[in-house]
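Asks: Give the three-dimensional model of this entry:
(one chain, ligands or ions: 2)
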Amino acid sequence: MVAVREPRSVSSPALTDRFGRRHRSLRVSVTDRCNLRCRYCMPAEGMTWLRRDELATDEELVRLTAVLVSLGVSDIRITGGEPLVRAGITDILARLRALPGVAEISMTTNGVLLAEHLDALVEAGLDRLNVSVDSLDPGRFAQITRRNDLTRVLEGLAACERHVALRPIKVNAVVLRGLSEPDVLPLARLARDRPYVVRFIESMPIDAGRTWSSEQVVPGEELRRMIGATWPLREVPRTRPSAPGRRWRFGDGRGELEFVSSVSEPFCASCDRLRLTADGRLRACLFATSETDLLTPLRAGANDAQLTALIAETVDGKGPGHGIGTPGWSYDGRPMSMIGG
Ligand code: SAM
Ligand code: SF4
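Replies: Ligands and ions are numbered 1, 2, ... in the order given. Next up, the predicted model:
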């Protein structure tokens with residue numbers, strides 16, 4: 001039997017950190033497994049997966065999320081790994097959506113299994129969707145993801161268009177220098193021709209294979225110059241300061257892009273995100289060096305007050321920023337696929 005820690009008093013309200021940031025967004029990772037092997041995320045082979053008994057059950061994920069929602073989380077994003085490979089994902093989504101206080105539930109998916117799940121997910125309450133597509137070229141898609149599934153992903157995206165309430169559908173694209181440059185304009189064009197906001201994401205040093213180097217990063221500013229040479233862009237003023245993406249519209253008003261430039265333009269000062277991993281650990285930052293195990297105390301019988309104390313302590317310990325790019329910085333924590341991207 002694992003001892004349950006007694007609550008430690010923290011000076012700030014549970015979800016407000018020492019820098020005054022209030023945390024309203026929660027990413028819930030439902031699995032560390034995936035049906036793709038994107039090269040900036042996982043190695044081709046040799047991943048070690050969580051054991052079944054290490055994974056939080058549906059009941060446990062809902063209970064932990066419910067405590068966080070009772071403290072002020074209002075937006076939930078379901079992610080992974082690939083969330084659609086988790087059995088019972090629709091039921092999990094419905095249960096999280098039904099928690100009193102949840103204003104919006106979204107999902108980030110690679111889209112491979114989307115066409116077959118989408119109607120049920122919308123029925124269960126899905127409000128928003130991000131689909132990751134790094135290339136519209138089948139060969140390069142396969143080179144990046146190490147699987148030949150572009151057609152299925154595009155079928156999933158097309159299915160989204162039938163659900164007008166999901167709009168704008170967001171398309172996530174990680175850009176890798178020396179590989180993705182030919183994809184930039186075709187992806188930007190997608191935002192002009194379809195009801196999608198295309199988000200260009202800088203590659204971050206959080207891959208399981210530890211292959212990241214700063215040379216891979218194509219800064220958002222460089223991408224805007226590339227795209228702007230064909231279609232002039234103008235920045236859209238921020239309406240949600242905590243949003244990670246800076247928004248830009250095409251000058252002719254036909255569509256919108258976002259740039260998630262975590263490396264070159266960090267947005268830590270306005271971060272309102274927490275992450276719950278598939279094994280029930282809470283992280284206050286993607287790049288945090290520590291995480292708080294909530295699952296073991298939960299299994300040992302912790303009540304909501306005891307879980308709240310652990311949550312408050314984690315939020316209280318959140319640092320001011322991630323520090324990527326500062327001399328000597330390195331990341332030795334768990335990879336993105338285990339934390340929930
Ligand atoms: N499997 C789903 C997917 O790919 O959409 C959800 C999980 S994935 C970890 C969430 C997002 O993180 C995806 O858009 C993915 O492209 C992005 N991502 C993964 N590894 C990344 C990295 N090293 N740097 C930047 N973004 C990354
Ligand atoms: Fe899987 Fe998403 Fe990671 Fe690609 S980015 S390997 S789809 S978890």
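Asks: Need the contact partners of the host helix or strand of Leu129.
Replies: For Leu129, the enclosing helix or strand under DSSP states H and E is strand 128-132. With CB atoms under 8 Å, 6 or more residues apart in numbering as the test, strand 128-132 has contacts from 38, 104-111, 114, 153, 156-157, 160, 166, 169-174, 199. Placement of C-beta: from N, CA and C, glycine included.
Asks: Stretch 135-154 too?
Replies: 35-40, 44, 110-115, 131, 133-134, 173, 176, 179-180, 182-183, 186-187, 190.
Asks: Pull out whichever of the residues you listed are also neighbours of ligand 2.
Replies: Among the contacts of stretch 135-154, the residues within reach of ligand 2 (CB under 6 Å from any ligand atom) are Leu36, Arg37, Cys38, Asn110.
Asks: What is the burial count for the last one?
Replies: For Asn110, the count of nearby residues is 28 (other CB atoms under 10 Å).
Asks: Distance-wise, check it relative to Gly81.
Replies: To Gly81, Asn110 is 10 Å away according to CB to CB, to the nearest Å.
Asks: got any residues that touch both of those two?
Replies: Cys34.
Asks: which of the contacts of strand 128-132 count as buried?
Replies: 38, 105-111, 114, 153, 156-157, 160, 166, 169-174, 199 (16 or more other CB atoms under 10 Å).
Asks: Is there proximity between the strand holding Leu129 and ligand 1?
Replies: Yes. Legend: contact between strand 128-132 and ligand 1 by CB under 6 Å from any ligand atom is shown at Ser132.
Asks: and the helix or strand just after that strand with strand 128-132, angle?
Replies: Next along the chain after strand 128-132, taking DSSP H and E as the criterion, comes helix 138-145. For helix 138-145 against strand 128-132, the angle by axes from the mean of the first three to the mean of the last three CA atoms, to 10 degrees is 100 degrees.
Asks: Tell me the buried residues in helix 138-145?
Replies: Within helix 138-145, the residues that qualify as buried are Arg140, Phe141, Ile144, Thr145, counting by 16+ other CB under 10 Å.
Asks: so how far is Leu150 from the second one?
Replies: Think Phe141. Between Phe141 and Leu150 the distance is 4 Å, computed by CB to CB.
Asks: quick one: the helices in the stretch 151-300 of the chain?
Replies: 181-193, 220-228, 295-299 (DSSP state H, counting those that start in this stretch).
Asks: Name the residues of stretch 63-81 that are buried.
Replies: Buried, per 16+ other CB under 10 Å, within stretch 63-81: 63-69, 71-73, 75-81.
Asks: swap that for stretch 224-239, sorry
Replies: Buried, per 16+ other CB under 10 Å, within stretch 224-239: Arg224, Met226, Ile227, Trp231, Leu233.
Asks: quick one: contacts for the residue lying closest to Arg97 once chain neighbours are set aside?
Replies: Leaving aside its sequence neighbours, Arg97 sits nearest to Gly125 (CB to CB, 6 or more residues apart in numbering; 3.4 Å). The neighbours of Gly125, taking CB under 8 Å, 6+ apart as the test, are Leu93, Ala94, Arg97, Ala98, Ile105.
Asks: ok, the last one touching Ile76?
Replies: The reference is to Ile105. Yes. The criterion here is CB atoms under 8 Å, and Ile105 meets it with Ile76 at 4.9 Å.
Asks: what residues are shared contacts of the two?
Replies: Contact criterion CB under 8 Å, 6+ apart; residues shared by Ile105 and Ile76: Leu96, Arg97.
Asks: wait, doesn't Lys54 sit right on Thr277?
Replies: Just so we're on the same page, residue 54 is Glu rather than Lys. No. With contact defined as CB under 8 Å, Glu54 does not reach Thr277; the gap is 10.2 Å.
Asks: what about those two, which has more around it?
Replies: Thr277 (26 against 12).
Asks: Kind regards, and thank you for your time.
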